[in-house]
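Participant: here is the input, now give the coordinates:
(one chain, ligands or ions: 2)
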Amino acid sequence: HNQTLLAPSILSADFTRLREAVEIAEHAGADWLHCDVMDGRFVPNITFGPFIVKAVAACTDMTIDTHLMISDPDRYIPDFIEAGSHQVTVHQEACPHLHRSVQLIKSMGAKAGVSINPGTPVSTLESIMGDLDLVLLMSVNPGFGGQKFIPASVGKIRQLHEMRNALNPDMVIAVDGGVTTENAEELVQAGADALIAGTAFFKADDPAEAARKIKQASR
Ligand code: DX5
Ligand code: ZN
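Facilitator: Numbers count the residues shown, from 1 in each chain. Ligands and ions are numbered 1, 2, ... in the order given. You can find the predicted model right below:
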């Protein structure tokens, strides 16, 4: 876990110029491209499905990091992997059979992640952590880009970092929601390896400069 990984979220991109947005991220040195999938049920907003993920995946060599904010994700995991997702993250709160969901992702050759909402304790991941490639810690309530970072998330990153070191040292800790060039360093020092940035990247006057600042954040 040397350099901070940056994952711009296309949710904040200009969808009339999606290819350009992907290229801006790639040229800025982004590591992953974060695709926010919402179903209007698990979260109060609807975004896009495998069709858009496939279009985006076809424009880039970046790791396609798909964040499923949907109920009953097992129904759609295969579609999102076939669309080109290299990593698929499901929500702990949406998966009564979390181990099964994680194994389904892995059985199709993708990396498996689990996300927890701000109101969900880190301890709920203890039994599954040994099986995970990444945890996506939500630092806003999922549903929309451009929300304010919830300060209590910093303590959760620290907790997760300790748990990771004890149970699964190779697992990546990603933080999603309200990440800025200003708070990036604090999050990395608390234990984040990867930062998701929608607004802070795509709405920046100079996205490449924002990317540099975020990737420079170090422990
Ligand atoms: C929130 C999404 C986030 C969001 C991040 O529901 O999961 O990935 O797009 O956007 P910003 O960086 O603007 O908070
Ligand atoms: Zn997300």
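Participant: how about the closest residue to L167 other than its chain neighbours, phi and psi?
Facilitator: Excluding the flanking residues, the one nearest L167 by Cβ to Cβ, 6 or more residues apart in numbering is M129, at 4.6 Å. Every residue, glycine included, has its C-beta placed from N, CA and C. Main-chain torsions, M129, degrees, to the nearest 10: phi -60, psi -40.
Participant: give me the number of residues near M129?
Facilitator: By other Cβ atoms under 10 Å, 17 other residues sit near M129.
Participant: so what's it up against?
Facilitator: Applying Cβ atoms under 8 Å, 6 or more residues apart in numbering to M129 gives the contacts 135, 163-164, 167-168, 171.
Participant: tell me which two of the residues you listed sit farthest apart.
Facilitator: V135 and L167 (10.9 Å; Cβ to Cβ).
Participant: of these two, who's got more company?
Facilitator: Set V135 next to L167 and count neighbours by other Cβ under 10 Å: V135 wins out with 26 against 15.
Participant: centre of the chain to the longest helix seen in the chain, how far?
Facilitator: Counting by DSSP state H, the longest helix found in the chain is helix 153-167. Centroid separation between helix 153-167 and its chain, computed with Cα atoms, centre = their mean, to the nearest Å, is 17 Å.
Participant: could I get the buried residue list for it?
Facilitator: By neighbour count on 16 or more other Cβ atoms under 10 Å, the buried set for helix 153-167 is 153-154, 156-157, 159-161, 163-164.
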